[in-house]
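S.K.: Take this sequence and fold it.
(4 chains)
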Number of protein chains: 2
Amino acid sequence: MGRWQPDAQVRLQEAALALYGERGYEETTVAEIAERAGLTKRTFFRYFTDKREVLFRGSELLEQQMVAAIEAAPASASALGLIGAALDAAAIRFEEVREFAGPRHRIIASSHELQERELIKAASLAAAMAGALRARGLGDTTAALAARTGTTIMHVAFEQWVEDPDQTPFQRIARDVLAQLREIASTG
Amino acid sequence: MGRWQPDAQVRLQEAALALYGERGYEETTVAEIAERAGLTKRTFFRYFTDKREVLFRGSELLEQQMVAAIEAAPASASALGLIGAALDAAAIRFEEVREFAGPRHRIIASSHELQERELIKAASLAAAMAGALRARGLGDTTAALAARTGTTIMHVAFEQWVEDPDQTPFQRIARDVLAQLREIASTG
DNA sequence: ACGCTGATGTCACCTGGTGCCATCACCTTA
DNA sequence: TAAGGTGATGGCACCAGGTGACATCAGCGT
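M.R.: As a prediction, the model looks like this:
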């Protein structure tokens, strides 16, 4: 056994999630999180750039998987078809973490600061997807629109999914939302 | 002449915009902004809740006008027709402040923190528009989708408008973007 | 002359976040 | 086995954003 307990980063994450849930995000101090994990404030900031980021580990993975899905889609796919493929990839990821999604979502919903961070993660995701769409030959405006529309659908579907007592699969909800968007755009 | 110089809030805004532009947002201190305006740090925080907010006065007005446009649209309007009406209202506002839009946009683009703030303003705007759409009888999901799509179009159009050397009117750009979105949704 | 009001200043304080250096178990190498 | 390097961590000082409590003081009405 080494000098240090292993998994310091994971311990910090668990401590933060627990404390944010118990006392609330604003009322929790970084020093308290660190103490609960058996570490110090200074070490917390070696693992996470700030107090918010501890809730967002894994967002790069989601981004990678959605981009990969766009890259792997058949050449015949339309813009919305590519978005659908990306949403299918997101569905897999969300189902994997369903257990933590609810508590985490409630914490984020309780804090303005955390919502800001979530929104910029979505913007980063949209930018990455737009890049992948341009790489497939879509025009700049089309790529930007399709990518942002993808994150819009993802968020609207996510909010229904995370609160759904029937635990309907994310994929089904996202497809319904996508279909509704199509209808909105084709009507009038 | 009164004991205090008038327009303290405006002076703070001007000082902040100038300093953020000259030295950069992160390198500027609230105390410096206040000093330039002939005030103190404490007074800055009486007018603005934080260092970011000083760049976002007027966002409530934009929100009000876009919501009002939705409420005032003819009863026959479709969901995207209502979004178009809101975008027309935004166009008027943007043209009014075109002079400041470029510098302000560059400052925001230079800072992660400011982008976060801008994104949550957009989210607030989308929530307000969704409420107005529901009040006109649209379903929850449709309202949420249409409202967020509206802010998406607004942002994509804004980025083209603010950098456009030809000074094409925002309204024309937004209509083109909206048309492109329709095409994306109807293809494939 | 008196007291009220409201914008501002002053001061003390907390917390997020960072730079710098010390510590110390483990590993390598001679 | 002893010497020295390595890497995760602790400790400390410090800065800036942000807030609460209280003092100040011109103008106003009475």
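
S.K.: Can you tell me the closest non-neighbouring residue to the residue nearest the centre of chain A?
M.R.: Note on chain A: the residue nearest the mean C-alpha position is A:Ser59, at 5.1 Å, using Cα atoms, centre = their mean. Residue nearest to A:Ser59 in three dimensions, not counting chain neighbours: A:Lys121, with 4.8 Å by Cβ to Cβ, 6 or more residues apart in numbering or on different chains. C-betas here are computed from N, CA, C, even on glycine.

S.K.: element containing that neighbour?
M.R.: A:Lys121 belongs to helix A:112-135 when elements are defined using DSSP states H and E.

S.K.: Show me what that helix is packed against.
M.R.: If you count contacts as 3 or more Cβ pairs under 8 Å, 6 or more residues apart in numbering or on different chains; DSSP states H and E, helix A:112-135 packs onto helix A:59-72, helix A:79-96, helix A:98-109, helix A:140-162, helix B:112-135.

S.K.: Next to chain B, which bits of chain A? Give me the list.
M.R.: By Cβ under 8 Å from any Cβ of the partner chain, the residues of chain A that approach chain B are A:77-81, A:112, A:115-117, A:119-120, A:122-123, A:141-142, A:144-146, A:148-149, A:152-153, A:155-156, A:160, A:177, A:180-182, A:184-188.

S.K.: Would you mind listing which of those are buried?
M.R.: Taking 16 or more other Cβ atoms under 10 Å in any protein chain shown as the criterion, what is buried in these is A:78-81, A:115-117, A:119-120, A:122-123, A:141-142, A:144-146, A:148-149, A:152-153, A:155-156, A:160, A:177, A:180-181, A:184-185.

S.K.: in chain A, which ranges drop under the pLDDT threshold?
M.R.: Along chain A, segments meeting pLDDT under 70 span A:1-4, A:6.

S.K.: Quick one, which of the helices and strands packed on helix A:112-135 gets closest to B:Pro165.
M.R.: Proximity to B:Pro165 (Cβ to Cβ) singles out helix A:140-162 among these, at 16.6 Å.

S.K.: so what secondary structure elements neighbour that closest one?
M.R.: Using 3+ Cβ pairs under 8 Å, 6+ apart, helix A:140-162 sits against helix A:79-96, helix A:98-109, helix A:112-135, helix A:170-186, helix B:140-162, helix B:170-186.

S.K.: hmm, back to that, what distance separates the helix holding A:Lys121 from the middle of the whole chain?
M.R.: Taking Cα atoms, centre = their mean, to the nearest Å, one finds helix A:112-135 lying 9 Å from the centre of the chain it belongs to.
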